[in-house]
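*Asks:* Here's my sequence, what's the structure:
(2 chains)
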There are 2 protein chains.
Amino acid sequence: MTASPTQLNQSQHPNLPPADSRARISAFMKGVQDSICQGLEELDGVGTFREDSWDREEGGGGRSRVIRDGDVFEQGGVNFSEVWGKTLPPSILQNRPDAAGHEFYATGTSMVLHPRNPYIPTVHLNYRYFEAGPVWWFGGGADLTPYYPFHEDAHHFHTTYKAACDRHNPHYYNIFKAWCDEYFYLKHRNEARGIGGIFFDYQDDRGELYRGPNPDQAAADYSRQLGDVPSRTWEEVFAFVKDCSEAFLPAYVPIAQKRRGTEYSDRERQFQLYRRGRYVEFNLVYDRGTIFGLQTNGRTESILMSLPPLVRWEYCYQPEPNSREAELYDTFLKPQDWANWSA
Amino acid sequence: MTASPTQLNQSQHPNLPPADSRARISAFMKGVQDSICQGLEELDGVGTFREDSWDREEGGGGRSRVIRDGDVFEQGGVNFSEVWGKTLPPSILQNRPDAAGHEFYATGTSMVLHPRNPYIPTVHLNYRYFEAGPVWWFGGGADLTPYYPFHEDAHHFHTTYKAACDRHNPHYYNIFKAWCDEYFYLKHRNEARGIGGIFFDYQDDRGELYRGPNPDQAAADYSRQLGDVPSRTWEEVFAFVKDCSEAFLPAYVPIAQKRRGTEYSDRERQFQLYRRGRYVEFNLVYDRGTIFGLQTNGRTESILMSLPPLVRWEYCYQPEPNSREAELYDTFLKPQDWANWSA
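*Replies:* This next block holds a predicted model:
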């Protein structure tokens, strides 16, 4: 194992992270994992998380926690990892060329929960932090993937995250919500993965909020209209990420509580298994975190912990017109202004 | 739909395909699909193939055939497609830069069969043909993925393909067998997908047989030791591909026949569903045909027809020591000289 890269001196670079940045973020990311796991165990009531700690040969390690065969969760994983090494993989350097030639440090917490009841949505959360020489950034977000969706659940999830965003910048939600719709999109299916949430990446002291690849998408549009925001300190961006991470349990737990008792038949179960296939397709074909993990020789079992316990593919499946399944496709798998929906 | 690209004049380029190359290959690929589907229906006895014909907006189309809920096959697909367009995708041009700037024509037949009985292996076959300006090549192969493997089945599959190879060049089998082991390998699992078979790509009039990306692998080694083979005509390479395609039914049907009556319990079924996850991981993360299809705006349902009907993931699964499941990992998911195995 190599030593973690040396930290630059903040007095020479005013916008650099504080000297104890890595210790603080690492403690924060572990704390997110702890509080989420505790909240989810309370919600589930039966299942508990099993933890595996692991080391990465090239530097770093993590702790993976899995819950299985619970009352609410058929399977779920909450993963903390902290890795470092000589150079970031090309997929990241093409977005941050100024990080090239520097040793990197990366840490993050990620989570995917697959409930058993098809009326409870699958949910994903990820927060991550990178340093490479003078370069640092935060990324992350959370998004919801219902099978049998409810307008009020989509509204609740989005307003909870909007409130967290609004405490920091009145434009964050608009841009990060649109960025989420853009990121969690299956091009080969012409479908959103779910009803979205928020997503952001490469957030640092630079003024442009949207830092995604598509100048023709809504998030880029909002960001251009807004122009540069005032230079943000490391502490300010971190405070925003903290607030987002704390929004998760209030955003998700009430939805799971409300739907856990809903009765369902084999029809709903089969549709859930089928739709889980889209989660697999997204994570293996598009997901940045999965690709980063596989490219940096990460722990495969932890990276692929996001895959569902049971999945079905069916050639040329089409929902019956006017069915609940069709409603998912027609209304919920398209970007909608969920925060402003009213019953 | 745009017109298929204009063919160059063979009299000016002696090693070019004949003037009717596309019509001949297209008819051949359809014939492969027909004879395989017929052979598989006879084998299954219950299931029959359902066909969908489709057009591709940018040029071309195909016919997809799916068998479901048969006596042998839980699900299987045999796909023919023929597409053309302005330019090949970057993933191919980086291997054939001389094809850049030319309109392309591509046709192929591909097949994946997922049997219900865990004692019958999953099997994959693909043959493909490309033209782009003065450039042409054939690719393809077939490989076997057992769950509960038998030495004699692995031997039978390999010797059948070796015989087809040997009729054309005594070195083909060695190189294309090793190339198959290299290609169908899951790096993130450190596992072979199955017991292999043969695989080749970019086969044309050039002398070097191995044209894969890894100079440090066995296939590259064999190819270097052999040196350049004499320049092959288009007809010679095509004749080899024809013989390979005809080897499929004799290679696979006897194995399926021998194993279809084997009794199994939920333990074997659960292991089969788990191992099918590796098929999904390979096809979505690594497979050249899948990525080509998704990048060229192919018909998604036909491309992802290869995914299994039901799949399971399990965090940190390990086979019991000395079990049949452990034997798969320890013996069969490592490259072996199956053609020379003896009971």
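*Asks:* Let me see the contact set for whatever residue of the stretch 1-150 of chain A ends up closest to chain B.
*Replies:* Residue nearest to chain B within the stretch 1-150 of chain A: A:Val66 (4.9 Å; CB to the nearest CB). (Glycine included, C-beta is placed from N, CA and C.) Listed by CB atoms under 8 Å, 6 or more residues apart in numbering or on different chains, the contact set of A:Val66 reads A:49-50, A:52, A:75-77, A:305, B:315.
*Asks:* which one among those gets closest to B:Phe130?
*Replies:* Closest approach to B:Phe130 among those (CB to CB): A:Met305, at 38.6 Å.
*Asks:* Check the gap between the closest one and chain B for me.
*Replies:* For A:Met305, the distance to chain B equals 6 Å [CB to the nearest CB, to the nearest Å].
*Asks:* Need the pLDDT of that residue.
*Replies:* pLDDT recorded at A:Met305 is 93.
*Asks:* go on, A:Ala3?
*Replies:* 64.
*Asks:* Out of the contacts of A:Val66, who's the most crowded?
*Replies:* Neighbour counts for the contacts of A:Val66 (other CB atoms under 10 Å in any protein chain shown) peak at A:Gly76, which has 27 neighbours.
*Asks:* Which residue is the nearest non-sequential neighbour of that one?
*Replies:* Spatial nearest neighbour of A:Gly76, excluding adjacent residues (CB to CB, 6 or more residues apart in numbering or on different chains): A:Leu113 at 3.8 Å.
*Asks:* and what of A:Leu249?
*Replies:* A:Gly39 (4.3 Å).
*Asks:* How about A:Trp313?
*Replies:* B:Leu307 is the one closest to A:Trp313 (CB to CB, 6+ apart), at 4.3 Å.
*Asks:* if I look at the one you found, how far off is B:Asn126?
*Replies:* 15 Å (CB to CB, to the nearest Å).
*Asks:* Chain B contacts on the stretch 51-200 of chain A?
*Replies:* Contact residues, the stretch 51-200 of chain A versus chain B (CB under 8 Å from any CB of the partner chain): A:52, A:64, A:66, A:68, A:75, A:77, A:187-189.
*Asks:* Pull the most distant pair out of these.
*Replies:* Checking these with CB to CB, the most distant pair is A:Asp52 and A:Lys187, at 34.2 Å.
*Asks:* And the pLDDT for the residue of chain A found nearest chain B?
*Replies:* Proximity to chain B, evaluated over chain A using CB to the nearest CB, is greatest for A:Leu284 at 3.8 Å. At A:Leu284 the predicted local confidence, pLDDT, stands at 93.
*Asks:* Wait, it touches B:Val285, no?
*Replies:* Yes - if you go by CB atoms under 8 Å, A:Leu284 and B:Val285 touch, sitting 5.4 Å apart.
*Asks:* who has more neighbours, these two?
*Replies:* A:Leu284 (21 against 18).
*Asks:* In contact with the residue lying closest to A:Thr6 once chain neighbours are set aside, which residues?
*Replies:* Nearest non-adjacent residue to A:Thr6, counting by CB to CB, 6+ apart: A:Glu103, 7.8 Å away. Residues in contact with A:Glu103 (CB under 8 Å, 6+ apart) are A:5-6, A:84-87, A:132-133.
*Asks:* Could you look up the SS state of the residue nearest to A:Gly76?
*Replies:* At A:Leu113, secondary structure determined by DSSP: H, G, I helix; E, B strand; the rest coil is strand.
*Asks:* Please point out which parts of the longest helix along chain A sit buried.
*Replies:* Secondary structure of chain A per DSSP state H: the longest helix is helix A:21-44. Residues A:21-22, A:24-25, A:28-30, A:32-33, A:36-37, A:40-41, A:43-44 are the ones in helix A:21-44 that count as buried (16 or more other CB atoms under 10 Å in any protein chain shown).
*Asks:* host element of A:Ile120?
*Replies:* Applying DSSP states H and E as the criterion places A:Ile120 outside every helix and strand.
*Asks:* Next: the one 3 residues further on.
*Replies:* Under the criterion DSSP H and E, the helix or strand holding A:Val123 is strand A:122-132.
*Asks:* between B:Leu307 and B:Asn126, who's got more neighbours?
*Replies:* B:Leu307 (25 against 21).
*Asks:* was I right about that one contacting B:Arg278?
*Replies:* No - the pair B:Leu307 and B:Arg278 does not pass the contact test of CB under 8 Å, sitting 11.9 Å apart.
*Asks:* I appreciate the help and will end here.
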